[in-house]
Each structure stands twice: as structure tokens, then as C-alpha cells.
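K.L.:
here is the input, now give the coordinates:
(one chain, ligands or ions: 1)
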Amino acid sequence: MEAQHSARSSLSETKRKILVVEDEKDIRELVRYNLEAEGFAVVEASDGEIGLLLAARERPALIVLDLMLPGLSGLEVCRKLREREETLRLPVLILTARAAEVDKVLGLEMGADDYVTKPFSPRELVARVKAVLRRAYGVVLDKPHEVYEKGRLHIDFDTYDVVLDGQPLDLGLREFELLKFFLQYPHRVFSRGQILDLVWGQDVYVEPRTVDVHIRRLRQRLERDDANPTFILTVRGVGYKCDLDALEE
Ligand code: CA
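P.N.:
Numbers count the residues shown, from 1 in each chain. The predicted model follows:
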């Protein structure tokens, strides 16, 4: 059962990995950000040589390939991908500023699957990526649901549903983020200042005691007896930590 499960999850992970070959850092990051927001894993290459290397090594599901690259051009990268057995059928989505190149790229010679012309909208790019994946693999790749389950607690990070002892909890957004934060770093002690930086963000000015207010609200929802908390613990003179054992009781 275990082996079967891990084989299935690694297959879906491979199908969600995208290689982005683009020398312009800003565009690369824009593409990565938007693909990651849709649950894709992104591998980046800043030139064609690295792109070819990663295409063979990382086994991405698709390549987003810029045509204008230093050294090996996007056209050459595409041609080499098609020459090699292991990347022969790898879907390629071309990024190009030159509409004149498009026919050549999509033709039999290069065999790219689709293209997006620069400047492009991130939304359009993501839609094209999904369409090419669907054509290539015949599946719609939904973003995997992020769920946390431990003892009495069940959280769906996509829908913000929190269930404790089978009862839905109505948490404010800040309490939800605090809870998510504590669960990421169980048993670690954080000062109020650290919690502010990591949950509220460094550029937001809030009084450290704001943390106490939200901790109190979180405890009122989560603790069986919020006067004697067992889950979100106060560490005197330091700050707070969470104790996951409280979820098992
Ligand atoms: Ca470029």
C-alpha cells in the first residue's frame, strides 16, 4: 500500500514540474511566480545549455522556452530536444517577441507545441501551459489540495476550513495564519517580534502585544480550557510555542 501510494504521488509531482528557460530574470520570476501559484513546481534555467541539461535530469512535464537566449538559441534548444530520445516528446511552449519566428517554431522542423508572444499576460501563459499539458497527457491538472490532519485537528488550507473534534471552527484570517504558522514549526519557541515578522510581515508596524491579543483569540477557539492552554503555550520571558501532543489527547 505504501509503495503504491508513493509511486502515485511521484507521478503527479513529475507531471506538475515545469522547466522555464529564459535569460531575463524578471520574466523568469514572473513565470515562476504565476506557475507556482497554480501549484506547479518550477525549475529555472538562464540559458539553453543549462536548459538542455535540466530537461534531461529533472524530467519536467513541459518546457517554457524563450527564443532569444545567449549562446544556444531557443530554436537550437528545441531542435536538440527533438533529436534526443528522452526529450523527443517533451511539450515545449515557446516565448517569443518575434511573431515572424512563430511559423518556423511550430512547424515540423522545430515541433514546438504552442507559443506565447511577449509581452504576455501571466494568466494567458498559465492557461496555455495547462492546455498543452492536457493535450500531451490527457489529464486536467488540478492544484493539489493542501490539507493538514493531526489528531483532533483537520485543516483545509485552500478553503480555510478548520475542524476540531469534528466541529467547524470560525477563525479570523489572522488567527488562521497564526495557527498555520505554529503548525509549520511545532515545538519551536518564537518571540512576539519573530511572530510579528513572520506572520504579519516585516513592513507592517504593529505593537508586539497585538500578538497576545490574537493568541488569546486562537486559544479561545482551540483550547479546551483557554485559561490553562495545552496547545499554544506561553514560554515565560520568551514568547510562544505550540505543542502538537495536545492534538492527540
Ligand atoms: Ca530572452
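
K.L.:
what does this structure put close to the ion?
P.N.:
Within the chain, the positions near the ion by Cβ under 5 Å from the ion are 23, 66, 68. Yep, even glycine has a C-beta here, placed from its N, CA and C like the rest.

K.L.:
can you redo these as TSV with neighbour count, pLDDT and secondary structure?
P.N.:
As requested, those are exported to TSV (neighbours: other Cβ atoms under 10 Å; pLDDT from 0 to 100; DSSP: H, G, I helix; E, B strand; the rest coil):
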residue	neighbour count	pLDDT	secondary structure
23	16	96	coil
66	26	94	strand
68	16	91	coil
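
K.L.:
between the residues you listed, which is closest to residue 194?
P.N.:
Distance to residue 194 across those (Cβ to Cβ) is lowest for residue 23, with 37.6 Å.

K.L.:
what about the helices in this protein?
P.N.:
2-15, 25-37, 48-58, 74-83, 102-106, 122-137, 173-184, 192-195, 208-222 (DSSP state H).

K.L.:
right, so these: which one is the most enclosed?
P.N.:
Ranked by mean neighbour count, the helices of the chain are led by helix 74-83 with a mean of 19 (mean count of other Cβ atoms under 10 Å).

K.L.:
just want the residue of this protein that's nearest the ion.
P.N.:
Taking Cβ to the ion as the measure, the chain has residue 68 as its residue closest to the ion, at 3.9 Å.

K.L.:
ok, that residue - contacts?
P.N.:
By Cβ atoms under 8 Å, 6 or more residues apart in numbering, residue 68 lies in contact with 23, 74, 96, 97, 98.
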